[in-house]
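> need coordinates for the following:
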Amino acid sequence: MTRELVLHDWLVAGTAIVAGILAGLLLRITMKWLGKHARRTTWSGDDIVVDALRQVVPWAAIVGGAAIGAAALPLTKRVGTIVNQSLTALFILVTTLAVARVVTRLVRSVTHARTGVAGSATIFVNITRVVVLAIGVLVVLETLGVSIAPLITALGVGGLAVALALQDTLANLFAGVHILASKTVQPGDYIRLSSGEEGYVVDINWRNTVVRNLSNNLVIIPNAQLSGTNMTNFTRPEQQLSILVQVGVGYDSDLEHVERVTMEVVASVMMGVDGAVPEHEPAVRFHTFGDSRINFTVILGVGEFSDQYRIKHEFIKQLHTRFRAEGIRIPAPTRSVAIQQGPGPDVSELSGLAQEAVIQSPHPVPHQRDASIPLRP
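Got it, this is the predicted structure:
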């Protein structure tokens, strides 16, 4: 202490601290009121900013009140420096947490806007949070007078050892970053691997890619395996795709009539089934003379991968009903077997062959006796 504490010092310090606390509470109520109004807007950025300010501004008022109260006390230079450094470090730490929250929410909102509401890429969110927190911790240490140069050097050497021990984990991490940066796969895409796994990409985190198949089960695929295998992305370059339906009619059918009826059914399905693409130009293509039918392919347009099953279902039902009404036959596969009958073999030859087979047989047939030989009692 530079001098003796008097009642006035305590009153000034206490008043400053209490004023800071009351200002923090008032500012928090104000920020809460602003948050309600921000949620009414269509832009999500103001919600994120107000939420961050609701954490930083009250703490700034409290730290400011404490700093004013400490300045009113007759503290020594060393003690005053320690108090100021501690309050500054506390404010920097609170600000860092708020900034980390703001940046991660912005990154998450950007990924949602680019890949759809169902998708999320937590790998970018986690990396961003770690980077912001690490920078904030280094600034706090520098504020407290701790030299961060040796710490960074030690972290570099230790990071090399950790990298050697966690090769698989880092391989998955960088593979995930590469997948998202190259935009070959994004959350919300429907993919199929050469090994057979397929489904919607739910999330790409620092280690795995989570895929939800059509049976609503989750398939966990390591990022390194995903980036190193052959894969079909049914969502890119565009979500709409064409599907092929194989049909066959009898040889006695009028192909012009068949094509016209099929196109009418296609138009009905494209206009009346959810998930179909009415503006897609359908096509009917005859391609093969089969064993019992003339085969052709019908090309339909669907909005996204899972819609094809519903559209195929409705198309096959309506086409079968229409073919029956128009008398167009869909024949089942048939086979014609020709049996050529020639002169039969001589009975004496068959008898001789049978006797020869009995003589040459090394093992008599068991449980057989000659009926002409009487059995002895």
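
> figure out how far whichever strand or helix holds Gly80 is from the centre of its chain.
Per DSSP states H and E: Gly80 is located in helix 77-115. In terms of CA atoms, centre = their mean, to the nearest Å, the centre of helix 77-115 is found 31 Å from the chain centre.

> buried residues of it, list them for me.
83-84, 87-108, 111-112, 115 (16 or more other CB atoms under 10 Å). Just so you know, the C-beta spots here come from the backbone N, C-alpha and C atoms, and that holds for glycine as well.

> so where do the helices sit in this structure?
7-38, 45-72, 77-115, 122-143, 149-165, 167-182, 223-227, 255-272, 307-326, 347-360 (DSSP state H).

> these: which one's closest to Gly199?
helix 223-227 (12.4 Å; CB to CB).

> avg pLDDT for the closest one?
Averaged over helix 223-227, pLDDT sits at 86.

> likewise stretch 232-247?
Per-residue scores along stretch 232-247 average to 88.

> ok now that stretch, how far from the chain's centre?
Worked out by CA atoms, centre = their mean, stretch 232-247 lies 18 Å from the chain centre.

> kindly export that stretch (C-alpha atoms) in CSV.
Taking C-alpha atoms only, stretch 232-247 is exported to CSV below (Å, rounded to 0.1, in the frame of the first residue of the first chain):
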residue,chain,number,x,y,z
THR,A,232,-20.3,-42.1,-57.5
ASN,A,233,-21.9,-38.9,-56.4
PHE,A,234,-25.6,-38.8,-57.5
THR,A,235,-26.0,-35.2,-56.4
ARG,A,236,-23.3,-33.5,-58.4
PRO,A,237,-22.9,-31.8,-60.8
GLU,A,238,-26.7,-31.5,-60.4
GLN,A,239,-29.3,-33.1,-58.2
GLN,A,240,-31.7,-34.1,-61.0
LEU,A,241,-30.9,-37.3,-62.8
SER,A,242,-32.3,-39.7,-65.4
ILE,A,243,-33.4,-43.2,-64.7
LEU,A,244,-33.8,-46.1,-67.1
VAL,A,245,-36.7,-48.6,-67.0
GLN,A,246,-36.5,-51.7,-69.1
VAL,A,247,-39.7,-52.9,-70.9
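
> show me the shaky parts of the stretch 51-200 of the chain.
Across the stretch 51-200 of the chain, the ranges flagged by pLDDT under 70 are 75, 109-124, 151, 154-167.

> rerun that using 50 as the cut-off
115-119 (pLDDT under 50).

> the stretch 201-350 of the chain too?
Using pLDDT under 50, the flagged stretches of the stretch 201-350 of the chain are 350.

> show me the chain divided up by domain.
7-144, 171-233, 241-326 (automatic domain parsing).

> among these, which comes closest to Ala338?
So among the domains of the chain, domain 241-326 is nearest, using CB to CB, at 15.4 Å.

> end-to-end on that closest one?
One end of domain 241-326 to the other measures 30 Å (CA to CA, to the nearest Å).

> that older thread, export the domains of the chain to a markdown table and append columns for distance to Pro150.
As requested, those are exported to a markdown table (distance: least, CB to CB, whole Å):
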| stretch | distance to Pro150 |
| --- | --- |
| domain 7-144 | 11 |
| domain 171-233 | 27 |
| domain 241-326 | 55 |
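
> just the buried residues of stretch 233-244, please?
For stretch 233-244, by 16+ other CB under 10 Å, it's Phe234, Thr235, Gln239, Leu241, Ile243.

> what does stretch 209-228 give?
Quick answer for stretch 209-228 (16+ other CB under 10 Å): Thr209, Val210, Val211, Arg212, Ile221, Pro222, Asn223, Ala224, Gln225, Leu226, Ser227.

> nearest to Val131, of those?
For the buried residues of stretch 209-228, the nearest to Val131 is Asn223 (19.4 Å; CB to CB).

> give the contact list for the closest one.
For Asn223, the contact set (CB atoms under 8 Å, 6 or more residues apart in numbering) comprises Ala171, Asn172, Leu173, Ala175, Gly176, Ile179, Ile204, Arg207, Asn208, Thr209.

> what's the nearest residue to the first one if we skip its chain neighbours?
In other words, Ala171. The spatial neighbour of Ala171 that comes closest, neighbours along the chain excluded (CB to CB, 6 or more residues apart in numbering), is Ala224 at 4.7 Å.

> so the one you found versus Ile204, what's the distance?
12 Å (CB to CB, to the nearest Å).

> residue contacts, Ile299?
Ser242, Ile243, Leu244, Pro282, Ala283, Val284, Arg285.

> if we go to 7 Å?
Ser242, Leu244, Pro282, Ala283 (CB atoms under 7 Å, 6 or more residues apart in numbering).

> any idea how many residues pack against the nearest residue to Thr288 once chain neighbours are set aside?
Ranked by CB to CB, 6+ apart and with sequence neighbours excluded, the top spatial neighbour of Thr288 is Asn295, at 4.2 Å. Asn295 has 14 neighbouring residues, counting by other CB atoms under 10 Å.
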